[in-house]
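# have a look; sequence and predicted model below, questions after that.
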Amino acid sequence: MIKRRSSILATLSVLTVLVSCSAKETAVVAPPAPVKTVANTAHRTPSIRPPALRNPSVNLSNSPFNSTKVSYSRIPTAAPYIAMTFDDGPHPVYTPRLLDMLRKRNIKATFYVVGTNVKRYPSIIRRIVAEGHEIGNHTVNHPNLSKMSNSAVRNELNGARDSIVAICGVKPRTMRPPYGALTTSQRSWIHSEYGYPTILWDVDPKDWQKPGASVVASRIVQGTRNGSIVLAHDIHQATVDAMPASLDGLLRKGFKFVTVSQLLSLGGTAQ
Ligand SMILES: [Zn+2]
């Protein structure tokens, strides 16, 4: 009898536990009261950005270009072709941002990269090439070449070229001297030895002085004409911030973006 009572008590206590557990669970999983929502048809979120303008695909020769001159700062042409050039990168943050902006607009640009950064950011170099942009030689260490011996200049050009070739398998076809500094005789022997024309520019927004993105954009849009070579630096945030307005402003004016080699394929005279 005592045994039976104790077994009944045990059963009751188990049931109590079960009841209390299930009560607890019920409280936890109980669905919240349904919330009724009403569509707000009176309001539409305004579009922040209009659809991006798109550069047409340009069927100009890319290689070999028709370069017989030693040095160019612009190609005299009646056609609305222009070349955007970006120097001193790649930069780990700003260059990928810039590449996104270019890709969105189907714009191909030319990057005068510095050898030290080429070695530091090889995947960005490969992305630049994979997305159809051109790579130019801008030396290894960005020195003033006009004050250097021929053999020291050779080391700078060879070093940058070899890093670029090793990383992406593409050989630069043009060079740009840092600060635009290169003597006439240096331009000549570099052209005959490497086949590189010296590429300068005719539009300089002086973005390296950091005048602010809107000033950079307006200088670029106002200064560019048919055959222009535009100088910019993808190592400065404000320059990259200026690019949507610059690129769209130029597209709106009817310019078509091509690489430097494509622009040179139009011919032209030495500057
Ligand atoms: Zn530079």
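Thanks, I have it.
# you'd agree Leu231 is in a helix?
No. Applying DSSP: H, G, I helix; E, B strand; the rest coil, one finds Leu231 to be strand, outside a helix.
# what's the spacing between the nearest residue to it once chain neighbours are set aside and Thr224?
Nearest residue to Leu231 in three dimensions, chain neighbours excluded: Trp201, at 3.9 Å (Cβ to Cβ, 6 or more residues apart in numbering). Glycine gets a C-beta too; all of them are placed from N, C-alpha and C. Plainly put, Trp201 is 11 Å away from Thr224 if you go by Cβ to Cβ, to the nearest Å.
# need the residues touching each of the two.
The contact sets of Trp201 and Thr224 overlap at Val230 (Cβ atoms under 8 Å, 6 or more residues apart in numbering).
# number of nearby residues for the residue nearest to Lys147 when sequence neighbours are not counted?
Distances taken as Cβ to Cβ, 6+ apart place Ala181 nearest to Lys147, at 7.8 Å, with adjacent residues excluded. As a burial measure, Ala181 scores 13 neighbours (other Cβ atoms under 10 Å).
# picking that back up, more neighbours: Trp201 and Thr224, which one.
Thr224 (23 against 20).
# tell me the confidence at the nearest residue to that one once chain neighbours are set aside?
Among residues not flanking Thr224 along the chain, Val203 sits closest, at 5.3 Å (Cβ to Cβ, 6+ apart). pLDDT, Val203: 98.
# would you list every one of the helices in the stretch 51-200 of the chain?
For the stretch 51-200 of the chain, applying DSSP state H, counting those that start in this stretch gives helices covering 94-104, 115-120, 122-130, 150-168, 184-194.
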